[in-house]
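Chemist: prediction below, plus the sequence it came from.
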Amino acid sequence: MSDTETTDDDIDLTNPTYYLNRELSKLEFNNRVLHEARDERNPLLKRVRFLSIFTQNMDEFFMKRVGGLKQQIAANVTERTPDGSTPQQQWEQVMEKAYPMFEAQANCYHEAIKPALSEAGVDIVDYDDLDADEQATLTTYFEESVFPTLTPLTFDPAHPFPHISNLSLSMAVLTKQDSESETMFSRVKIPQNRPRLIQIGDDTRYVLLEEIIAANLDRLFPDSEIIEHSTFRVTRNAEVRRNEDIAEDLIGLVEEVIEERRFATVVRLEVETDMSDQIRDLLTTQLDVSQREVYELQPPLDFREFKQLTDLDRPELTVPEWTPQPHPRLTSHRDEQGNIFKDIRREDILVHHPYHSFSDTVQRFISEAAHDPNVLAIKAAIYRTASESKIIQSLIEAADNGKQVAVMVELKARFDEEDNLEWAKTLEENGIHVAYGTIGYKTHTKTTLVVREEDDGVELYSHVGTGNYHSETAKHYEDLGLLTADSDIGRDLVKLFNYFTGHSLHEDYRELLIAPGNMREQFVDLIQREAEHARAGHEARIVAKLNRLEDPEVIRELYRASRAGVDIDLIVRDICRLRPNLENVSENIDVVSIVGRFLEHSRVFYFYNSGDERYYIGSADWMERNLDNRVEAVTPIHDTYLQNRLDEILEICLTDNRDCWEMHSDGSYTQRTPGEAEEIRAQSVFMQQTLDGVWDRK
């Protein structure tokens, strides 16, 4: 059914009342993250970690989402989102909702986490509370390790207002030369290449770097009177765009975006609650921010660096360490040469990170391909990768070993543009053919193709996953990946990689769902088919595990399926525009969200299909940008054993009664509690199952 068909019997499913606002939904997710820091049931250092994660999430939210809204407002955009909101209305709602969240974070630190740390023997102390010897030691540290890095920038008729870099913590300082002179403003940037929490002696006591700097301002401004000092922090818009259609050089375009982002519009100004009006007025004027964009918060500002505390050797204060395990199907049949391709050709293999080791599965797949004399070619799509990537190194070694290597590096992966530019240059310098994304689309697929010559001909080996080729995030992000020798999937990937390096996008694929191409149509058909089965009186069920559910057309089809009687369970990590449990609209739809020690990141799709069940995993969420504006790949899972594993993964997520949140029709969430029942934490179950060998076929 097309978007122009807006009615469904007696209900107009395009009515804004049936859709939630995506920005407010994202803030609801960040509230769930903050809850993990506030939840006293969690180990203390895990709470500290979530305090840091909340700051990172909100930074990104303001840079991307609020920055985008400000751009639309400046361009006089009045187009309404599916929930009926204009950019101006969304901006106002976001600013109102975000402020109490920051206050809650500050209160959580001062009233709960800081006292609890102190009780556990980890003290974050005020500089003024230190004795004279300790202060003298810190002064020596300041003079030797901090002072040389500082550059005070004064604003006066001879000096322009200094550039304040994005997300940097700064100190505003007011000084006077003498009683007759005017007060002068200077900015001191708190160095990011120094630890933020400075340990005092051998104790587990720490003092904040900005307090040490504040105590030694007389060394920065000799012969001056320090009138006032106060910290502040600036967030700039990251939603900087260029017209790719007229760009002559995609690399040059991305470099321009990176540079412009440094000087982009300020979208948030965080200041200490006791900052004087004089400094505050100066900052708001020079940074061109409204009073509504100023967040007065109890210091310290910026909790990102507090994650350094999570490295303390205090196992009783944190969750037990998890070591990702080798996959049993990639070890039990390993021959003397460790040939992974025999294992994959024997049977499809599903890997589940971080429960399975990335290095022993996906990384091994590419590494062995690089050194296998029978491998003819390797093709890989890189969206994000680690700073010291063994994947990249393996691809370079493959080229050195005479393989044909082609790599699609997405230069427009937000906040990874600079790293990806460097990787692209490194690959090219080593003789590897590099494609720099595609005009008009971001390439978000997580795919690798290995072409191998064998006794019975050329064999295609494929990896299609939900997560990036990033060894570090694979330790913290929950993801799935399929390793397969299915020739149809391999041929589909051949077509896809030809699009990356050529220019023609195929729409006919044997197995894969590809966006832009057949993916939207296929997903809509699968949903509509379940609705048809339900109307015919047959069992009908849909389960989808996603990061985000935003696309209006997909939501309308889910509403129609619910009205037809399809039982629908959605596991949506953060943004969800769909309203569950609405009378006569979504009564058969339940939505839950899991927030645990690992970031839920996999996408899994299940359709009962009148007993001919369909299972899929891949890189795409049900979002307009994924279905229409990105290159995505979703693969079917045919193997019955692997289908059963996906069934179990979905069922365990749905029965989680500790880390799972139930969504209500107004967009709010309630966390499940086990009560007197046995506690079920999906991620803990998966860890134990992996240790117990559940992935080894019996």
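Modeler: Received, thanks.

Chemist: helices or strands up against the helix or strand where E23 lies?
Modeler: Applying DSSP states H and E as the criterion places E23 in helix 22-38. Secondary-structure packing of helix 22-38 (3 or more Cβ pairs under 8 Å, 6 or more residues apart in numbering; DSSP states H and E): helix 44-61, helix 87-107, strand 669-671. All C-beta spots, glycine's among them, are computed from the backbone N, C-alpha and C.

Chemist: pLDDT of that helix, averaged?
Modeler: Per-region confidence: helix 22-38 scores 97 on mean pLDDT.

Chemist: tell me the angle it makes with helix 44-61.
Modeler: Helix 22-38 and helix 44-61 are oriented at 160 degrees to each other (axes from the mean of the first three to the mean of the last three Cα atoms, to 10 degrees).

Chemist: who touches helix 22-38?
Modeler: The contact list for helix 22-38, computed with Cβ atoms under 8 Å, 6 or more residues apart in numbering, reads 42, 46-48, 50-51, 53-54, 57-58, 61, 65, 69, 81, 90, 93-94, 97-98, 101, 104-105, 108, 112-113, 550, 573-577, 593, 595, 661, 667-669, 671.

Chemist: and of the helices and strands packed on helix 22-38, who's closest to E388?
Modeler: helix 44-61 (21.3 Å; Cβ to Cβ).

Chemist: out of the helices and strands in the chain, which is least certain?
Modeler: Of the helices and strands making up the chain, the lowest-confidence element is helix 250-262, at a mean of 46, by mean pLDDT, DSSP states H and E.

Chemist: could you turn the buried ones of the contacts of helix 22-38 into a ChimeraX selection?
Modeler: Buried subset of the contacts of helix 22-38, written as a ChimeraX selection, criterion 16 or more other Cβ atoms under 10 Å:
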select :42,46,47,48,50,51,53,54,57,58,61,65,69,81,90,93,94,98,104,105,108,112,113,550,573,574,575,576,577,593,595,661,667,669,671
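
Chemist: quick one: the helices in the stretch 201-350 of the chain, in order.
Modeler: 209-215, 217-220, 250-262, 277-287, 340-346 (DSSP state H, counting those that start in this stretch).

Chemist: what helices or strands is the shortest one leaning on?
Modeler: Right, helix 217-220. The contact analysis (3+ Cβ pairs under 8 Å, 6+ apart) places helix 217-220 against strand 225-236.

Chemist: neighbouring strands of the strand it packs on in the sheet, and parallel or not?
Modeler: Paired neighbours of strand 225-236 in the sheet (DSSP bridges): strand 169-176 (antiparallel), strand 266-272 (antiparallel).

Chemist: restrict the helix or strand harbouring Q71 to CA atoms and write it as PDB.
Modeler: Using DSSP H and E, Q71 sits within helix 67-74. C-alpha atoms of helix 67-74 as PDB (Å, rounded to 0.1, in the frame of the first residue of the first chain):
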ATOM      1  CA  GLY A  67      22.100  21.200  16.000                       C
ATOM      2  CA  GLY A  68      19.800  19.900  13.200                       C
ATOM      3  CA  LEU A  69      16.800  21.500  14.700                       C
ATOM      4  CA  LYS A  70      18.600  24.900  14.900                       C
ATOM      5  CA  GLN A  71      19.600  24.600  11.300                       C
ATOM      6  CA  GLN A  72      16.000  24.000  10.300                       C
ATOM      7  CA  ILE A  73      14.800  26.900  12.400                       C
ATOM      8  CA  ALA A  74      17.400  29.200  10.900                       C
END
